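> Fold the stuff below for me.
(2 chains)
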Amino acid sequence: MSITGLVNNINVRIQRSRESLRSTYAQKDDNTNKDDDSGSIKSTRSTSSIISFLTGKKLKHQKPQTEPAAAQPHPASSPRPSHTRRRTLSILKKSAASGSYYHPYTVYESNMSPAVLGNVEATRKLLQIIQDTPNGSRTVARLARTCKAFNEPATDVIWNELDSFLPLIGLFPGYIMKRARRPGLGLVRPVSQYHTPRHI
Amino acid sequence: MMETIIVLTVPFAFSSALDFQAKMPVDADWKDLLNHADRVRKITYEEGAHNVPTSIFPVFEGRCPRQWILPNLTHLVWKCDTPAGLDRGKIFLTTGLQSLTLEVGHKFSNLSDFLAVLSTRTRLNSFSLASLGPLPEDFSRIMAQQDLLEKVSIIAPGALDAKVGKWVSELPELRSLKLDLTGQGMSNVEGFFDEIAAGSGWSTPDSEESRDSGVFSEHDFTEIKKTTAFSRSGGDTRRGACPQLRQLHLTGQAGNVVTFLKQLAGHIHTLELAIEDPPEGHDWQDLCAVICEKLSGSLRSLRIVSAAPLKQMELPRSPGRFQDPTARRLPLNHFTSLPRLAVFEIDLPESVLFDNSDIAHIATFCPAIEELKLCPQARWPANLPPPSVTLVCPPNDIIVSCSLTIRM
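Okay, the predicted model is just below:
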């Protein structure tokens, strides 16, 4: 087989794999009745659910709590319904009855308390502590860009204290403030009405 | 047309700014700025840095779509070199401002006007003023409206005026005070308390503290009179000034600090002193004595540092640094008893050498000591480790957390 034929073969296989993935995601979308960008990869959804779990806030692409449990992207991403808590308790009871100390990871995960980051004041304090560390402002700025749940509290902390007016002035559109190329040059005194256009 | 002229002149209104204004902002241009300005709680402006175009402040004042550009501002640090720079700060004196740190230079004739605007708009918790020029004559009258102040710092000529002292003493919420006593005479320091708690017989010519006896008015016997009064009354002529005060920071000669401390009520728990290095021997002895006499029941933290920190930087190059160590020893045995003192720090690198008796004495007069720092600028001999020290503190005979650095 020539090299060209080999490349074509590989391209065809890649194309088939993509179509297969698309059909799989489309099927999942139908099952979960999702109407947003359901083609996002699974890891992104998982990350979002973790962030949502930590902050106690609901992300936009998640379904409301009234929907079936199967539609929840993560059991811990929102306040657990009662049946989830019952299932967790049943798993714990089964583990205790069998004399085993092993608990599934989901049990530990669902037992983590989101209370600290769910509290606005505690979140602000935590972000301030992060900001006080070396390169802390940069870290908080990255957190602000991580997701919308972090954006507001992190941005508040970043803008809470300014060492200069420059960051504020920089928020004007670009055509308002322009960089002076030769700031050392300038008129001795401002132009007045006595100056003719020839002088200007 | 006027706008055009402004556009043309603005680039030349400052000499070394990085940015210049090319066009006046319209309402839509303010959207992002105002959105983030709501978040700002503390901001610092330093005119000497020349990094902010001064032309932006008239725009803030005249073109901003709302009254306050920083409506949630609570802390403002304003350092200006020119009266115009001081005036620019008025647009940030919002009603919610709680803390103002103001640093101005010489000859600010508009300082009084600025403070008047400040007092009409704000009720501060913290006020700090550092000025190279004198305070306005009506300073205490203007600031009388600021009755919620908890923290006051005034470093300016005229800060020890009797009216300022009266204003400070009448602040009901005052907890922290910082003053500079450098270069002042003893009469000036005592003058700070002249209008505080004037008691019976205070203003009569027969009074020991009266400035005017009516007989020798043409001569200044103030110093002699006060020294006499101090010796007869045990140095506590005006007991109980500023009883609400808890934290005190004084800068100046040890003698002036002693004079000031004698007038205060003994409720201070944090005392920070920046004195000359080295202090006079008798002044040091008086300082130790008055601290133990006046503040032994309340003092929990005592920090004594050099008033000239730059001098410390020259120490390693000083040729005579280790030549005569005994002459620079500052004994601690003048401290008699500080039973509640938990934090004790002395940083007088030019004058302090400690020996074993000092360490043992600290254990005696500071039974509650938790943190001890003696001369952090210590330099150890290259071939020997730092000395091992044991403090035995009754009643538990245990030091909770004692970090000790001494210079041998």
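> For chain B, which segments are assigned as strands?
B:19-21, B:42-46, B:75-79, B:99-104, B:126-131, B:151-155, B:176-180, B:247-251, B:270-275, B:301-306, B:343-347, B:371-374 (DSSP state E).
> In a markdown table, list those strands along with distance to residue B:240 and mean pLDDT.
For glycine as for every other residue, the C-beta is placed from the backbone atoms N, C-alpha and C. Putting the strands of chain B into a markdown table (distance: least, Cβ to Cβ, whole Å; pLDDT from 0 to 100) gives the following:
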| stretch | distance to residue B:240 | mean pLDDT |
| --- | --- | --- |
| strand B:19-21 | 55 | 54 |
| strand B:42-46 | 36 | 95 |
| strand B:75-79 | 33 | 96 |
| strand B:99-104 | 28 | 95 |
| strand B:126-131 | 24 | 95 |
| strand B:151-155 | 19 | 95 |
| strand B:176-180 | 15 | 95 |
| strand B:247-251 | 15 | 95 |
| strand B:270-275 | 17 | 95 |
| strand B:301-306 | 21 | 92 |
| strand B:343-347 | 25 | 89 |
| strand B:371-374 | 30 | 83 |
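> Would you mind putting these into a markdown table with distance to chain A and mean neighbour count alongside?
Formatted as a markdown table, the strands of chain B follow (distance: least, Cβ to the nearest Cβ, whole Å; neighbours: other Cβ atoms under 10 Å in any protein chain shown):
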| stretch | distance to chain A | mean neighbour count |
| --- | --- | --- |
| strand B:19-21 | 5 | 22 |
| strand B:42-46 | 4 | 19 |
| strand B:75-79 | 8 | 20 |
| strand B:99-104 | 12 | 20 |
| strand B:126-131 | 15 | 19 |
| strand B:151-155 | 18 | 20 |
| strand B:176-180 | 21 | 21 |
| strand B:247-251 | 23 | 19 |
| strand B:270-275 | 23 | 21 |
| strand B:301-306 | 23 | 20 |
| strand B:343-347 | 22 | 20 |
| strand B:371-374 | 22 | 20 |
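> residues contacting residue B:122?
Counting by Cβ atoms under 8 Å, 6 or more residues apart in numbering or on different chains, residue B:122 touches B:93, B:94, B:95, B:97, B:98, B:100, B:146.
> redo that, cut-off 6 Å
B:93, B:97 (Cβ atoms under 6 Å, 6 or more residues apart in numbering or on different chains).
> which stretches of the chain have low pLDDT?
With no chain named, the answer covers chain A. A:1-7, A:9-11, A:14, A:17-18, A:20-117, A:178-200 (pLDDT under 70).
> that's the wrong chain, I wanted chain B
Checking chain B against pLDDT under 70 turns up B:1-22, B:197-239, B:309-328, B:351-352, B:376-408.
> Pop the domain breakdown of it in here.
B:1-159, B:174-196+B:225-315+B:326-408 (automatic domain parsing).
> Export those to JSON lines and append columns for distance to residue A:168.
Listed next are these as JSON lines, based on distance: least, Cβ to Cβ, whole Å:
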{"stretch": "domain B:1-159", "distance to residue A:168": "6"}
{"stretch": "domain B:174-196+B:225-315+B:326-408", "distance to residue A:168": "30"}
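> Can you report how many residues lie near residue B:66?
9 (other Cβ atoms under 10 Å in any protein chain shown).
> Please apply the same query to residue B:174.
21.
> Burial check on the closest residue to it other than its chain neighbours, number of neighbours?
Using Cβ to Cβ, 6 or more residues apart in numbering or on different chains and skipping residues adjacent in sequence, the residue nearest residue B:174 is residue B:244, 5.3 Å away. Neighbourhood size, residue B:244 [other Cβ under 10 Å]: 15.
> What of residue B:53?
Residue B:53 has 24 neighbouring residues, counting by other Cβ under 10 Å.
> That one and chain A, how far apart?
When distance is defined by Cβ to the nearest Cβ, to the nearest Å, residue B:53 is 8 Å away from chain A.
> backbone phi and psi for that residue, please?
When read as degrees, to the nearest 10, the backbone of residue B:53 gives phi -70, psi 130.
> tell me the helices in the stretch 1-150 of chain B, going along the chain?
B:2-9, B:31-37, B:56-63, B:83-88, B:111-121, B:139-143 (DSSP state H, counting those that start in this stretch).
> thinking again about what came up before, adding distance to residue B:35, write the strands of chain B out as TSV.
Output for those, formatted as TSV (distance: least, Cβ to Cβ, whole Å):
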stretch	distance to residue B:35
strand B:19-21	20
strand B:42-46	16
strand B:75-79	20
strand B:99-104	24
strand B:126-131	28
strand B:151-155	32
strand B:176-180	36
strand B:247-251	38
strand B:270-275	41
strand B:301-306	43
strand B:343-347	44
strand B:371-374	45
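> so which of these gets nearest residue B:66?
Of all the strands of chain B, it is strand B:42-46 that lies closest to residue B:66, at 16.8 Å by Cβ to Cβ.
> tell me what the closest one is packed against?
Applying 3 or more Cβ pairs under 6 Å, 6 or more residues apart in numbering or on different chains; DSSP states H and E, one finds that strand B:42-46 contacts strand B:75-79.
> Give me the packing partners of the strand it packs on, helices and strands only.
Checking 3+ Cβ pairs under 6 Å, 6+ apart, strand B:75-79 ends up next to strand B:42-46, strand B:99-104.
> Could you check how far the spatially closest residue to residue B:289 that is not a sequence neighbour is from residue B:283?
Nearest residue to residue B:289, sequence neighbours excluded (Cβ to Cβ, 6+ apart): residue B:334, at 6.2 Å. To residue B:283, residue B:334 is 11 Å away according to Cβ to Cβ, to the nearest Å.
> likewise residue B:98?
Plainly put, residue B:98 is 38 Å away from residue B:283 if you go by Cβ to Cβ.
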